[in-house]
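> Got a predicted model here, sequence first, then my questions.
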Amino acid sequence: MSNDAKNDNTNQDQAFPEQSQDLPGSQQEQSPKPDCLPKDYQGGKLAGKVAIVTGADSGIGQAVAILFAKEGADVAVAYLSENEDAKETQKHIESYGQRCLLVPSDLSIEDNCKALVQKTIDEFGKLDILVNNAGRQVEQTRIEDISTEQLDKTFRTNFYAYFWLAKYATPHLKAGSSVINTTSITAYRGSDHLIDYASTKGAILAFTRSLANNFTSEERGVRVNAVAPGPIWTPLIVASFTEEEVAEFGQNSPMGRAGQPNEVAPAYVYLASEDASYVTGQVIHVNGGEIVGG
């Protein structure tokens, strides 16, 4: 192994001795020296890892699951009922020599979330990465048109499932493991026609930061982060919006277009890998250039 590819992370979790230098400072005289060499990955950034990715039959979830496999992970693919799309995900995962477990399930039901985690453990023997990504949205132009049934279903799918999966996954996660939640640009700017959906994404944002703080305070060594996509071209768009809205989708972003799922997936790989070992409680914005808070 070359020195350029070597990094033993000797300075992590280490207190520094008192010292000072004159400006601009010399790294050669610094004790200990900062770790500046690239981290070493053999077989991919996620080699030997096991991940659950929900909503992985299509769109962002599919792109994440496939890229995880390319980086060396085995993947449990959770989805609602789109069997043909899920089989496409499985085909690509297995093309990289990785194992894929397909789990059709309605994760708005708590017992199904618990069962998904257990099926993953039974199949792979462990769990290293949880990607909470599955979601639903239904357009309504007025709050009066959002029924309690719709509100409840949206929250149970978009938020409760994330909470339940994290709850049941946590006993199996260990130091170095990662939880990644999919929030949205709507958590920051709101949405006049997706009020309940945007509200769940705001809840996911607060949940991400709260769980990250909880895990840090308990010294579990598990990192919790989120990705906030902007307009991304997925089946959810054509299933939720009018034909006119679909024709204009993403054109009002600063880059003037919608993004593709494979433009979002690398953010999840980063957060799942050791490259993000000093990142927790954060959100990566992949939204075509819109500046949003947090």
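Received the coordinates, thanks.
> ranges for the helices of this structure?
Applying DSSP state H to the chain gives helices spanning 59-70, 83-95, 110-124, 148-155, 161-169, 186-189, 195-217, 235-240, 243-247, 261-272.
> Output these as CSV; include the columns mean neighbour count.
Backbone N, C-alpha and C define where each C-beta goes, glycine included. Converted to CSV, those look like this (neighbours: other CB atoms under 10 Å):
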stretch, mean neighbour count
helix 59-70, 27
helix 83-95, 17
helix 110-124, 17
helix 148-155, 14
helix 161-169, 22
helix 186-189, 20
helix 195-217, 19
helix 235-240, 14
helix 243-247, 10
helix 261-272, 21
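> for the ones you listed, which one sits closest to Val50?
helix 110-124 (4.4 Å; CB to CB).
> so that closest one versus helix 161-169, what angle?
Orientation check (axes from the mean of the first three to the mean of the last three CA atoms, to 10 degrees): helix 110-124 against helix 161-169 gives 50 degrees.
> List the neighbours of helix 110-124 that are in contact with it.
With CB atoms under 8 Å, 6 or more residues apart in numbering as the test, helix 110-124 has contacts from 50, 52, 54, 74, 76, 78, 99, 101, 103, 105-107, 127, 160-161, 164-165, 167-169, 172.
> now the residues you listed: which count as buried?
Among the contacts of helix 110-124, those classed as buried by 16 or more other CB atoms under 10 Å are 50, 52, 54, 74, 76, 78, 101, 103, 105, 107, 127, 160-161, 164-165, 168-169, 172.
> roughly how far apart are Ala203 and Asp275?
28 Å (CB to CB, to the nearest Å).
> ok, now Thr141?
43 Å.
> neighbour count winner among the two?
Asp275 (14 against 10; other CB atoms under 10 Å).
> The more buried one against Leu46, yeah?
No - using CB atoms under 8 Å, Asp275 is not in contact with Leu46, being 10.6 Å away.
> the bottom helix or strand of this structure by mean pLDDT?
Ranking every helix and strand in the chain by mean pLDDT, DSSP states H and E puts helix 235-240 at the bottom, with a mean of 87.
> how about the CA coordinates for that helix, as PDB?
What follows is helix 235-240, C-alpha atoms only, in PDB (Å, rounded to 0.1, in the frame of the first residue of the first chain):
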ATOM      1  CA  PRO A 235     -42.100   8.500 -10.200                       C
ATOM      2  CA  LEU A 236     -43.500  10.400  -7.200                       C
ATOM      3  CA  ILE A 237     -43.600  13.500  -9.400                       C
ATOM      4  CA  VAL A 238     -45.700  12.100 -12.200                       C
ATOM      5  CA  ALA A 239     -47.900  10.300  -9.600                       C
ATOM      6  CA  SER A 240     -48.500  13.500  -7.600                       C
END
